[in-house]
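Engineer: Okay, structure incoming, though there's no sequence with it:
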């Protein structure tokens with residue numbers, strides 16, 4: 001696959017070398033397999049959205065859809081050059097995209113800080129172009145914001161998490177924080193993959209075990225018991241959890 005498209009698995013592709021893509025979106029699912037919400041609907045009035053790259057999107061999507069107050073999740077491709085890429089093209093390294101999870105949530109129930117807390121804790125943001133056994137530019141860590149207000153909070157959370165990692169003797173965070181990048185939904189079979197019959201139980205995420213606390217601007221809303229459903233001391237812990245959203 002990599003050789004066929006001529007991409008680079010360890011460095012972002014240049015605009016001149018990227019695949020041309022296509023003008024029309026690739027087909028995807030109509031509804032969320034667990035939450036039942038329309039996958040391609042606009043963000044409801046008063047709700048917020050942001051996308052997160054945490055390695056393979058199969059496992060990370062499940063972690064996000066379980067959070068109380070999350071209205072919708074969908075997996076796709078973001079942060080690259082090629083319009084409407086396919087999974088095969090993204091995996092080649094020749095589109096520049098990362099695998100991401102788009103999260104839409106109700107801010108009256110869950111704060112952006114809660115979503116960021118799950119993001120930082122569910123993977124190792126110091127691994128550069130990869131996560132666990134998955135290596136390549138499509139597995140890089142990233143936050144793709146949709147509003148000016150999200151940027152300073154994302155940056156403040158990154159600073160706070162770096163302090164925790166440094167104190168634990170770990171390396172530098174490589175996470176991108178980027179605004180204004182279009183989100184391209186992935187193929188239907190990738191959507192909510194781990195909740196579907198016959199799916200392969202796979203998650204590449206390698207959480208560091210560090211727990212994000214308070215940071216400047218944090219708007220935490222979820223009660224502490226929510227986080228008892230996640231055990232980031234165990235690699236791939238989302239595979240051990242239920243598919244159903246966590247009840248308050």
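Structural biologist: Sure, I can see it. Fair warning: this is a prediction, and the values are worked out from it, not measured in the lab.

Engineer: can you tell me which residues contact residue 49?
Structural biologist: Residues in contact with residue 49 (Cβ atoms under 8 Å, 6 or more residues apart in numbering) are 43, 102, 103, 104, 105, 146. C-betas here are computed from N, CA, C, even on glycine.

Engineer: And the pLDDT for the residue positioned nearest the centre of the chain?
Structural biologist: Residue closest to the average C-alpha location in the chain (Cα atoms, centre = their mean): residue 52, at 2.9 Å. For residue 52, the pLDDT comes out at 98.

Engineer: what does residue 2 give?
Structural biologist: 35.

Engineer: just to revisit the earlier point, would you mind naming the residues that bridge with the residue nearest to the centre of the chain?
Structural biologist: residue 101, residue 143 (DSSP bridges).

Engineer: ok, it - contacts?
Structural biologist: So residue 52 contacts 60, 64, 100, 101, 103, 115, 119, 142, 143, 144 (Cβ under 8 Å, 6+ apart).

Engineer: What is the lowest-pLDDT residue among those residues?
Structural biologist: The member of the contacts of residue 52 with the lowest pLDDT is residue 60, at 95.

Engineer: measure that one to residue 73 for me?
Structural biologist: Distance check for residue 60 against residue 73: by Cβ to Cβ, to the nearest Å, it reads 9 Å.

Engineer: Next, show the common contact partners of these two.
Structural biologist: Listed as contacting both residue 60 and residue 73 by Cβ under 8 Å, 6+ apart are residue 101.

Engineer: Verify the contact between residue 174 and residue 125 for me.
Structural biologist: Yes. Between residue 174 and residue 125 there is a contact under Cβ atoms under 8 Å: 6.5 Å.

Engineer: pretty sure residue 77 belongs to a helix, no?
Structural biologist: No. Counting by DSSP: H, G, I helix; E, B strand; the rest coil, residue 77 is not part of a helix but strand.

Engineer: so where do the helices sit in the chain?
Structural biologist: In the chain, the helices defined using DSSP state H lie at 2-5, 57-65, 87-91, 112-121, 150-167.

Engineer: Contacts for the fourth one next, please.
Structural biologist: Just to be clear, that refers to helix 112-121. Residues outside helix 112-121 that contact it (Cβ under 8 Å, 6+ apart): 48, 50, 52, 54, 63-64, 67, 69, 103, 105, 143, 150, 153-154, 157-158, 161, 207-208, 210-212, 215, 217-222, 226-227, 230, 232.

Engineer: Among the residues you listed, name the buried ones.
Structural biologist: Taking 16 or more other Cβ atoms under 10 Å as the criterion, what is buried in these is 48, 50, 52, 54, 63-64, 67, 69, 103, 105, 143, 150, 153-154, 157-158, 161, 207-208, 210, 212, 215, 218, 220-222, 226-227, 230, 232.

Engineer: tell me the pLDDT at residue 236?
Structural biologist: On the pLDDT scale, residue 236 is placed at 67.

Engineer: now do the one 3 residues further on
Structural biologist: Among the per-residue scores, residue 239 holds a pLDDT of 83.

Engineer: Can you tell me the closest non-neighbouring residue to it?
Structural biologist: residue 201 (5.0 Å; Cβ to Cβ, 6 or more residues apart in numbering).

Engineer: roughly how far apart are that neighbour and residue 142?
Structural biologist: 25 Å.
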